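Enquirer: Predicted model and sequence below, questions to follow.
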Amino acid sequence: MNTINKIKRDSIFKRVTKYAIIILVLGSLLNCHKNDDDVVNSIENQLLGKWEVTGGTFLESQPKYLIFNSNNTVNFLSEHSLGFKANENFDYTVSGSEIKINVQGFFPFEFILEQNTLQIIHGDNALELTKNNSAPTSDDWVKKLSILSKGDPPSGGKVDIAFTYNKTEIVYGMGSAATYISLIDPETFTEVGSIETTKKAKVVEVENFGAPDRYLFQSDDNSNLVSVYTMNDGAFQFTLQVDNDISGMASANSDFLWVVSNNNEGSINLVNVADNTIDQSISLGYYNLYGMDYQNNYIYITDGKYLHKCQTTPTFKAVTSYEVSDFAMQGIAFDGTNFWASGFDDLESDYKLVKTNLTL
């Protein structure tokens, strides 16, 4: 072999060797990246499903269950000591041993995942969980309601509602700009009448009583007093008193009125209308409740987002919780067939009246 051919052969060999090394390095890098992706995917797949909380706290709260979904969202299912349930849904991402959960901004948490046990760690707090395929689904935990009709109230704000005794008009509590209590046609959502008052009656209730002189109960702004008027002529009758600012009322019958009050530590009170005494009081701690309605021996009460159906005997306890997607329920009332709610529509960024598909 002459010298020129040897030089050409050596040059070709070097180039081939160089390209082979580059291909091997690239292949190794790609394989490492693929392995990293496989590890992340494996961890995310292990997270998927239903987990039961067995101990610890999460940002000063303690949910009962976490459900990690395949769309990178997680449901936190929680329950108050009185049975009020909540279902909150957040986005999450996983990177290495860190999980970021979008609780009003993505908060980073460390986690330790070992087969069917999970720890989510934030500072000195660690939430401990065990995989539980028999845990309730989010839809079983809080029942979803649909909207049958929706309209604009005459004024906005966090107010309660009621129905006139013949169910033909909605009695709409006074928003911040209102100067009277509105009467609304539930078919057209138009204002068809008004009730004059000297109170700032955000909370209203019509007595569950068949006589024409049935009462209209009104709250006043930041007050623990219930002003009682007759519906037929608007004449003032007397005042009832509870222990805190009033946020909701529900007439059980002509003798008793349920009243919920919020301000620091709130309570639900059963008021004897005849002698202005409190026959029963249920402490709420710092859990706020709002609009109420009493039907078939159950109280239906909102917490600013959810609606809870509550038994009153032998002990007070929520037995079912409901939600309307993207709607924060404030007031609640029954038209004889369906429940209605007043509240804030997140999608329209405005206060609305809605008729739901919930019946007795």
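Expert: Ah, there it is.
Enquirer: Point out where the protein drops to low pLDDT.
Expert: 1-40 (pLDDT under 70).
Enquirer: so what does the longest strand anywhere in it touch, helix or strand wise?
Expert: Scanning the chain for the strand with the most residues, using DSSP state E, yields strand 85-95. Counting contacts by 3 or more CB pairs under 8 Å, 6 or more residues apart in numbering; DSSP states H and E, strand 85-95 packs against helix 3-47, strand 73-79, strand 98-102, helix 138-141, strand 317-324. C-beta here means a position set from N, CA and C on the backbone, and glycine is covered the same way.
Enquirer: Show me what counts as buried in it.
Expert: 85-87, 90, 92, 94 (16 or more other CB atoms under 10 Å).
Enquirer: same deal with stretch 335-354?
Expert: Quick answer for stretch 335-354 (16+ other CB under 10 Å): 338-345, 351-354.
Enquirer: among those residues, which are in strands?
Expert: 339-345, 351-354.
Enquirer: send the alpha carbons of the longest strand of the chain over as CSV?
Expert: Extracted in CSV, the C-alpha atoms of strand 85-95 (Å, rounded to 0.1, in the frame of the first residue of the first chain):
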residue,chain,number,x,y,z
LYS,A,85,-67.8,18.4,53.7
ALA,A,86,-65.6,20.1,51.1
ASN,A,87,-64.0,19.0,47.9
GLU,A,88,-61.1,21.3,46.7
ASN,A,89,-59.3,20.7,43.5
PHE,A,90,-55.7,21.9,42.7
ASP,A,91,-53.2,21.5,40.0
TYR,A,92,-49.9,19.8,40.8
THR,A,93,-46.5,19.0,39.3
VAL,A,94,-43.8,16.5,40.3
SER,A,95,-40.1,17.0,40.0
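Enquirer: Listing partners with orientation, what would you give for that strand?
Expert: strand 73-79 (antiparallel), strand 98-102 (antiparallel) (DSSP bridges).
Enquirer: who touches the next helix or strand along the chain from the last one?
Expert: When you say that, I think you mean strand 98-102. For strand 98-102, the following helix or strand on the C-terminal side (DSSP states H and E) is strand 106-114. Contacts to strand 106-114, defined as CB atoms under 8 Å, 6 or more residues apart in numbering, come from residues 43, 46-47, 59, 91, 93, 97-101, 118-122.
Enquirer: for those residues, which one is nearest Thr190?
Expert: Taking CB to CB as the measure, Thr190 lies nearest Asp91 of the contacts of strand 106-114, at 40.6 Å.
Enquirer: ok, what's across the strand from the nearest residue to the closest one once chain neighbours are set aside?
Expert: Nearest non-adjacent residue to Asp91, counting by CB to CB, 6 or more residues apart in numbering: Asn102, 4.2 Å away. The partner list for Asn102 in beta bridges (DSSP bridges) reads Phe106.
Enquirer: shift numbering so it begins at 12
Expert: Got it, the first residue is 12 from now on, which makes the last one we talked about Asn113.
Enquirer: Quickly list the domain ranges of this protein.
Expert: Domain ranges of the chain: 59-152, 154-367, per automatic domain parsing.
Enquirer: Tell me the span between the first and last residue of the longest one.
Expert: From the first residue to the last, domain 154-367 extends over 12 Å; the measure is CA to CA, to the nearest Å.
Enquirer: Now do the contacts for Lys75.
Expert: So Lys75 contacts 63-64, 88-90 (CB under 8 Å, 6+ apart).
Enquirer: what helix or strand is Ile343 on?
Expert: strand 338-345.
Enquirer: which residues are contacting that strand?
Expert: 158, 169-174, 181-182, 184, 301-304, 306, 311-313, 315-318, 334, 350-357, 363, 365, 371.
Enquirer: report the angle between the axes of that strand and strand 350-356?
Expert: 150 degrees (axes from the mean of the first three to the mean of the last three CA atoms, to 10 degrees).
Enquirer: Report the buried residues of strand 338-345.
Expert: Applying a neighbour-count criterion of 16+ other CB under 10 Å, one finds 338-345 buried in strand 338-345.
Enquirer: One more: stretch 56-72?
Expert: Applying 16+ other CB under 10 Å to stretch 56-72 flags 58, 60-64, 69 as buried.
Enquirer: got the contact list for it?
Expert: So stretch 56-72 is contacted by 73-81, 87, 89, 105, 110, 114, 118, 124, 129-131, 133, 136-146, 148 (CB under 8 Å, 6+ apart).
Enquirer: how big is the angle separating the strand holding Ile343 from strand 328-335?
Expert: Going by the same axes, to 10 degrees, strand 338-345 makes 120 degrees with strand 328-335.
Enquirer: Enumerate the beta-bridge partners assigned to Cys321.
Expert: Applying DSSP bridges to Cys321, the residues it is bridged with are Ile310, Ala329.
Enquirer: For it, which residues are in contact?
Expert: Contacts of Cys321 (CB under 8 Å, 6+ apart): 93-94, 309-312, 327-330.
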